[in-house]
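# 3D model of this:
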Amino acid sequence: MERNLRNVKSVGFALVCLSVTLAQASVKLGTNASAPFQYGVDSSGNSYVLANLTLNQGLSGLVITKLNSTGNAVYTARLGTNPTAGPYSFTLDNSGNTYTVVQMQSLSGVTGLYVVKVNASGTTVYSVRLGTNPTTTPFFTNVDSSGNLTLIANYTPLTGSAGLFATRLSAFGSTTYSLRLGSSPAGSPFGAAMDSTGNCTVVSNMTNTSGVAGLYACKVSPTGKATYTTKLGTSPGIAPFGNILDSSGNLFNVSSLTSNSGTTGLFLNRVSATGTLSFAKQVGTNATAYPFGGTVDASGNTFLLNSYTPLSGSSGLWATKFDSSGNTKYATRLGSNAGASPFASTVDSALNNYVVSNMTNTSGLAGLYVTKLASSGTVAYSSRIGTSASAGPFDAHLDSSGNVYTLSNMLSNGNSGLWAYKLGATGNTVYNTRLGYNAASAPYFDVYDTNNNLYAVVSMTSLTGASGLYTLKMSNTGSTVFTTRLGLNPSAAPFSDYIDGYGNNFVMANMSGVNAPTGLYVARVNSSGTIVYNLRIGTSPISSLTKYILDASGNALVTSSMTPVGGSPGLYVTKVDSTGKVIF
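Predicted coordinates for the structure are as follows:
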């Protein structure tokens, strides 16, 4: 079935008439889709798709298409041609404006890095060419509630030298500022963040404007003033690396580098809101990239977890707490040979630190451990829950009562499989339940609801011996509420999953149905485990060109480069309501 929709007003950069083909009710946007590709849905149920494709009437290029809640075309804006796959960004604001940052050739034939804003009706508000030759990284964009767009990117401006620039455009496209921070930035380590007042903080390995190379922390004010450029050190490693910006504008940075004083090791750096390097605390040496975790509390205490060799003591996985002045409050060695995954850590409101890690404990016994550190650094418990834990599936969750929940593929109680554990506040086992075995690391998703019930979607073999993609629910007491098989032989991607506030599980997966053909399926399983619908919408989806969104009404929206059931290959948008009815 086909329908032709014609939009007769000028939208975007050119007058475009969208011819929409519906096959099995899906809306065909075009063919030969490739990156850049993004998809968004607004609060009114309108869909926005950014894609490089050939439209149904034959024009090719980078296109934004807006469909209303019933699948009718509101506009199609053709932005340009020959876009690069990266870097790019696509942002949808609450008013239905879209902001695209991309390297492409304009319709007039000029290549460059463009920022394009299109309003809710499809009119181009502005198209600003900033320069040329952007690198894939570093790259960061932010759009605030007033429509100001901030970009951190390495490119060659229209006038001047190439470098790392902080640029802000107003809601109407005028340049508020364009500040060159430095040159020759490495792709990593890199971090950027915006605070609530519009200051932008950047941490990058680069050469500053005076020609001195190093790892720098830079802060740019809302008007484009360089509040500070503070050198943290030189020769930083890619990892471990982390940045936290507190509510007062203090920056906490963890890096493996050579400090300004010439010492090499793992450092905790604190930069004040005005740019003073308050302290550069050497934690140790030989830091591994992973496991790695950290947080900062409201008092400015920093908690760090990493495998390293301390300045005194044995190498291993260390939990360390520093006060706001950089003084060590405690340093507790949890074990050794810690793997990158599985690993998780968190801090509760009483400043107790919880760590889940695959390691060898201080007594020499290997396994997956759940460890609780009191706020003083004393080990409250360290419970070994299994061995031979794989990187995935894995998750850890802490409730408000200090109970720890883990889901891990491991050997426990003499049996291999996917195990769900709950430990009480003292480290006692509340439950340990084997859900299945041969669990794959992907596709996989899990979440705990407000009552600490576990919902998961995982490819595994059930305890009865049937393999497939399962959705399951476990109560907070450890009883299995349901285990429902959706299909067979799922691909790792594309895959997506949502749990709503009522315990409904919405899944998109490329798999074989149970006694049904292979294809891209969307499914809903209710809170009791009943399949409300399990629909095959197409075949041969390209995972990198497939997006799935669940709106507030429980409608599932899929944009995918696929072959729909009964149709021809192309980029399609499909909407299925909460009952399984195909809207378009």
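# Would you map out the domains in this protein?
Domains of the chain are assigned by automatic domain parsing as 1-127, 135-287, 288-425, 440-584.
# Which one, of the ones you listed, ends up nearest to Tyr431?
Tyr431 lies closest, by CB to CB, to one member of the domains of the chain: domain 440-584, at 2.8 Å. In short, each C-beta sits where N, CA and C put it, glycine included.
# First-to-last residue distance for the closest one?
Domain 440-584 has an end-to-end distance of 33 Å (CA to CA, to the nearest Å).
# swap in stretch 342-359?
For stretch 342-359, the first-to-last residue distance is 10 Å (CA to CA).
# and it, which residues are buried?
Residues of stretch 342-359 classed as buried: 342-347, 351-359 (neighbour count, 16 or more other CB atoms under 10 Å).
# Let me have the domains of the chain in a markdown table, adding distance to Asn432 and mean pLDDT as columns.
As requested, the domains of the chain are arranged in a markdown table below (distance: least, CB to CB, whole Å; pLDDT from 0 to 100):
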| stretch | distance to Asn432 | mean pLDDT |
| --- | --- | --- |
| domain 1-127 | 40 | 84 |
| domain 135-287 | 32 | 97 |
| domain 288-425 | 5 | 96 |
| domain 440-584 | 8 | 97 |
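# Which residue would you name as the spatial centre of the protein?
The residue lying closest to the centre of the chain (CA atoms, centre = their mean) is Ser496, at 12.9 Å.
# Could you double-check that that one sits in contact with Leu520?
No - in this structure Ser496 lies outside contact range of Leu520 using CB atoms under 8 Å: 10.9 Å.
# shared neighbours, these two?
Met508 (CB atoms under 8 Å, 6 or more residues apart in numbering).
# how about the closest residue to Thr264 other than its chain neighbours, phi and psi?
With CB to CB, 6 or more residues apart in numbering as the criterion, Thr264 has its nearest non-adjacent residue at 4.6 Å, and that residue is Thr258. Backbone dihedrals for Thr258, given as degrees, to the nearest 10, come out at phi -100, psi 120.
# So what pairs up with Thr258 in the strands?
Thr234, Thr264 (DSSP bridges).
# what sits against it?
So Thr258 contacts 233-235, 264 (CB under 8 Å, 6+ apart).
# who's in contact with Val576?
Val576 neighbours (CB under 8 Å, 6+ apart): 522, 533, 535, 537, 555-558, 582-583.
# Now do the helix or strand hosting Val202: which elements does it pack against?
Taking DSSP states H and E as the criterion, Val202 maps to strand 200-208. Applying 3 or more CB pairs under 8 Å, 6 or more residues apart in numbering; DSSP states H and E, we find strand 200-208 packed against strand 149-157, strand 163-169, strand 175-183, strand 190-194, strand 213-220, strand 226-234, strand 241-245, strand 251-259.
# if you set the cut-off to 7 Å instead, what comes out?
Helices and strands touching strand 200-208, by 3 or more CB pairs under 7 Å, 6 or more residues apart in numbering; DSSP states H and E, are strand 163-169, strand 175-183, strand 190-194, strand 213-220.
# Serialize these to TSV and add fields for distance to Ala280 and mean neighbour count.
Formatted as TSV, the helices and strands packed on strand 200-208 follow (distance: least, CB to CB, whole Å; neighbours: other CB atoms under 10 Å):
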stretch	distance to Ala280	mean neighbour count
strand 163-169	23	23
strand 175-183	20	18
strand 190-194	17	20
strand 213-220	11	23
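# Wait, Lys422 touches Asn403, no?
Yes - using CB atoms under 7 Å, Lys422 is in contact with Asn403, at 6.0 Å.
# circling back: for Asn515, find the nearest of the helices and strands packed on strand 200-208.
With CB to CB as the measure, strand 190-194 is the member of those nearest Asn515 (49.6 Å).
# what are the pairing partners of the closest one, and which direction each?
When DSSP bridges is applied, strand 190-194 pairs with strand 200-208 (antiparallel).
# quick check: angle from the strand it pairs with to strand 241-245?
Orientation of strand 200-208 against strand 241-245 (axes from the mean of the first three to the mean of the last three CA atoms, to 10 degrees) gives an angle of 140 degrees.
# From here on, call the first residue 855.
Taking 855 as the first residue, the last one we looked at is strand 1054-1062.
# distance between strand 1054-1062 and the chain's centre?
From the chain centre to the centre of strand 1054-1062 is a distance of 22 Å (CA atoms, centre = their mean, to the nearest Å).
# joint contacts of Lys1276 and Asn1257?
Shared contacts of Lys1276 and Asn1257 (CB atoms under 7 Å, 6 or more residues apart in numbering): Val1284.
# So which of these two has more stuff around it?
Of the pair Lys1276 and Asn1257, Lys1276 is the one with more neighbours under other CB atoms under 10 Å, namely 22 against 16.
# Just give the nearest non-adjacent residue to the more buried one, would you?
Nearest non-adjacent residue to Lys1276, counting by CB to CB, 6+ apart: Val1284, 4.1 Å away.
# where's that neighbour relative to Asn1263, distance?
Between Val1284 and Asn1263 the distance is 20 Å, computed by CB to CB, to the nearest Å.
# Likewise for Asn922?
Asn922 is 44 Å from Asn1263, by CB to CB.
# Tell me which helix or strand the residue nearest to Lys1276 sits in.
strand 1283-1291.
# quick one on the thing from earlier: higher neighbour count, Val1284 and Asn1263?
The neighbour count for Val1284 versus Asn1263, taken as other CB under 10 Å, is higher for Asn1263 (27 against 15).
# Is the more buried one bridged to anything, and to what?
Going by DSSP bridges, Asn1263 forms beta bridges with Leu1272.
# Now do the contacts for it.
1243-1244, 1246-1247, 1272, 1293.
# give me that answer again for 10 Å
Contacts of Asn1263 were listed using CB atoms under 10 Å, 6 or more residues apart in numbering, and they are 1196, 1240, 1242-1248, 1270-1273, 1289-1295, 1298, 1312, 1314.
# Check Ala1127 too.
1049, 1053, 1055, 1073, 1081-1082, 1099-1100, 1102-1105 are the contacts of Ala1127 under CB under 10 Å, 6+ apart.
# In a markdown table, list these along with distance to Pro992.
Listed next are the contacts of Ala1127 as a markdown table, based on distance: CB to CB, whole Å:
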| residue | distance to Pro992 |
| --- | --- |
| Asp1049 | 19 |
| Asn1053 | 18 |
| Thr1055 | 13 |
| Lys1073 | 16 |
| Thr1081 | 19 |
| Tyr1082 | 18 |
| Leu1099 | 17 |
| Asp1100 | 22 |
| Ser1102 | 25 |
| Gly1103 | 21 |
| Asn1104 | 22 |
| Leu1105 | 16 |
